[in-house]
Every structure is written in structure tokens, then in C-alpha cells.
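Asks: Following is a predicted model, sequence given first.
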Amino acid sequence: MSGNENLIASLNYITAQINRYGALFVILFGTTGNLLNFIVFNDRAFHENPCTNYLWWSSISSILFIWSGLLTRVLSGYGINWPNQNPPLCKIRLFILNICWSIAAWAFVGATMDRYFCSSASAVYRLKSSIRTARKFLIAILILSILLFVQVFYCYQASVPNVPVLCYTQAPACQLYNDWTNILYNITIPSCFMAIFGILTITNIRKRIIHPAPTSNSLSMPNNANMHVNLKKIDRNLRRILLIQVLVLLALSLPVGIQRLYASVTSNVSKSSLQVAIENLIYAIIVLIRFIAYSMSFYLYIFSGSMFRDTFKRKIQRKLRDMHIIH
């Protein structure tokens, strides 16, 4: 066996191991985290909060997104490719994957938008922070996503050659449409809106701290030094939360958009076996990175949100008491 053949065999072996164990780990990691989100957000403390409504739907959509995208990767690691070789299953799976990806991404936008409404000094804007607004927003996103991705049933085909996955598009127009729709609608535009509403939220809070509501004289003489320290602390915390939300989605989702665009441009280009093996390995890694972005929200909330953390502890303690493990 030549050196190139040995290298190709090694690359294919690594890709198979990533699909077997890496994808399986992300499925378990993401499903567990999002199910725990679902449990915590069903607590009475969060139940009537509009922002929680967005995060609840984001968690449910993330679970479906993870399973519809990674289960076939795990199976392919064991040489089981029939889901991608069966045309109806191929199309249905891709349709569910794209719809759930859209809802998961845009629900984060809705949560950031709701935080902006809550922080506004205007009563009109604060009234927009409601369960009704959240439901309207999510229904609109669902309808728009269906309209954008219904073409999956026409564009996607099973057993497509020279692409990283067998279930893919063949027509160049379909490839460009799907790649750019995912790059713009599921990655770039949501991240931009999150950044915009996050900055506006910071601006609102700064205004409310600098110009507090009128109170009695005994309460209206805050220490300027303490006020500036608190202002800086709040700004720093909000910026950190904003950066986590925006950068995680951008850093972990954008690479797959770039890869998809590259695959579209080069789908009709003749490639050597070595190049195909390298591209398949890179694609396997990028796919995992994309799904990790929608798997880690629970763990971020636990480390950054004291109320979320306290509610989770309380639910665990209550469950253990019900099981008579603790008293």
C-alpha cells in the first residue's frame, strides 16, 4: 500500500471515529443540557416570564436539531447510510433540521429583544415584553422558516456523489440558495440582531442608572463613586453575556456555512481520493462544532445565572426528597 493510500485510510478512520463517538457525545451532552433547561424553565419562578418562553422553545428546537443532524453521522460511522440513501427520509430529515435550526437561532434573538423591551424606560415598549408577543414572534419565525425551506423536498436528493454527506443538493441553483439561506437566515442575521438588541439594552440600563426615577430626598442622593462603580460592573456583566450569546453562535456556526459554500462551488470539480478524505474529516469536525453551539446553553446558564442555578438546585433537592434520598 502506497503512502497516499495509508494516509487516506488513516483520515477515513479518524473521520469514522469522530462520527461514532464525537457525534454521540454531542447528542448526549446537548440532549441532557436542553432537557434540563426544559425542566428548569417549567418552574413557577420562570413560567410567566416572556424571555423564558423564547429559551424554552430554543431548547426544544435544539434537541430536535441535534438529533436530526447527528444521528445519521453516528450511524455513518458504523457504515449505516440507508437514512441518507432513502429519498423520503433524506428530505424529511433535512426539512426538520433546517426548521429546528431556524427556531433555535431566532428564539435567542427573541430573548434578546425581550430583554431590550424590559429594560426600556418607555411603558409602551415594556408592554411589548409579553407571552403574547413571544408567541406571535415564534409563530412568524415558524411560518417564514417553512416558506424558506419547503424547497428541500425538491432540491435535496439521496446518494449524491462528491459531497461530504450523501443527502445533498445536486442543482447549482439549489446549492447556492440553501447555503446562502443558512449563512444569512440562520447565522449572520440572528447574530447581528442579537448584537443590536444587546447594545440597545446596555444603553437603556445606562440611562436608567444615570437618570433614576424621582424619589424622596433621602433616597435621591446616591454616592457618585458607587454609582460609577455599579455602572461599570453592570456594563461589564451585560457585555460578557452579550459576547457569549453572539460569539458562541458566530464562532461555532459560521464555519459550517463557509464549508457548505465551498462544497457547493466545488461539487462538480474532480477531486482526488486524498482531497475527498481531507474534506470529509474537516466537515465532520465542523459539523460537531456547529451542534455544540446549541448543546451548551444549560451549562452557560448554570455558570452565569444565579437564579437559574438556584432553581436547578431546588428542583434537584425536591426530587431527591421525593425519592427519600435526602431529608
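Replies: Looks like it came in fine.
Asks: Contacts for the one helix or strand L274 maps to, please.
Replies: Applying DSSP states H and E as the criterion places L274 in helix 273-292. With contacts defined as CB atoms under 8 Å, 6 or more residues apart in numbering, helix 273-292 is touched by 4, 7-8, 11-12, 14-15, 18-19, 22-23, 26, 29-30, 65-66, 69-70, 73, 162, 164-165, 252-253, 255-256, 259, 263, 271. The way it works is simple: take the backbone N, C-alpha and C, and place the C-beta from them, glycine included.
Asks: just checking, what packs against the following helix or strand past it?
Replies: Once helix 273-292 ends, the next helix or strand along the chain (criterion: DSSP H and E) is helix 297-304. Applying 3 or more CB pairs under 8 Å, 6 or more residues apart in numbering; DSSP states H and E, one finds that helix 297-304 makes contact with helix 23-41, helix 50-77, helix 224-265, helix 306-322.
Asks: Let me know which of the ones you listed is tucked in deepest.
Replies: helix 50-77 (a mean of 22; mean count of other CB atoms under 10 Å).
Asks: and the direction of it versus that of helix 306-322, what angle?
Replies: Orientation check (axes from the mean of the first three to the mean of the last three CA atoms, to 10 degrees): helix 50-77 against helix 306-322 gives 70 degrees.
Asks: and helix 50-77, what does it pack onto?
Replies: Identification of packing neighbours for helix 50-77 by 3+ CB pairs under 8 Å, 6+ apart yields helix 3-17, helix 23-41, helix 82-85, helix 87-119, helix 131-149, helix 273-292, helix 297-304.
Asks: quick one: contacts of the second one?
Replies: Same thing as helix 23-41. The contact list for helix 23-41 (CB under 8 Å, 6+ apart) reads 46-47, 52, 55-56, 59-60, 62-63, 66-67, 70-71, 73-74, 77, 287-288, 291-292, 294-299, 301, 308, 311-312, 315.
Asks: can you check the last one too?
Replies: Counting by CB under 8 Å, 6+ apart, the neighbours of helix 297-304 from elsewhere in the structure are 32-34, 36-37, 40, 55, 58-59, 62, 240-241, 244, 248, 308-309, 312.
Asks: same thing but 6 Å
Replies: For helix 297-304, contacts defined as CB atoms under 6 Å, 6 or more residues apart in numbering pick out 33, 36-37, 308-309.
Asks: and what of the shortest one?
Replies: Under the contact criterion CB under 6 Å, 6+ apart, helix 82-85 has outside partners 72, 89-90, 158-159, 166-167.
Asks: again, only this time at 10 Å
Replies: For helix 82-85, the external contacting residues (CB atoms under 10 Å, 6 or more residues apart in numbering) are 71-73, 75-76, 89-90, 92-94, 158-160, 165-168.
Asks: among those, which ones are buried?
Replies: The neighbour count (16 or more other CB atoms under 10 Å) marks 72-73, 75-76, 90, 92-94, 158, 160, 165-168 as buried among the contacts of helix 82-85.
Asks: And the residues you listed, which is closest to V152?
Replies: The nearest member of the buried ones among the contacts of helix 82-85 to V152, counting by CB to CB, is L94 at 5.0 Å.
Asks: Good, we can wrap up now.
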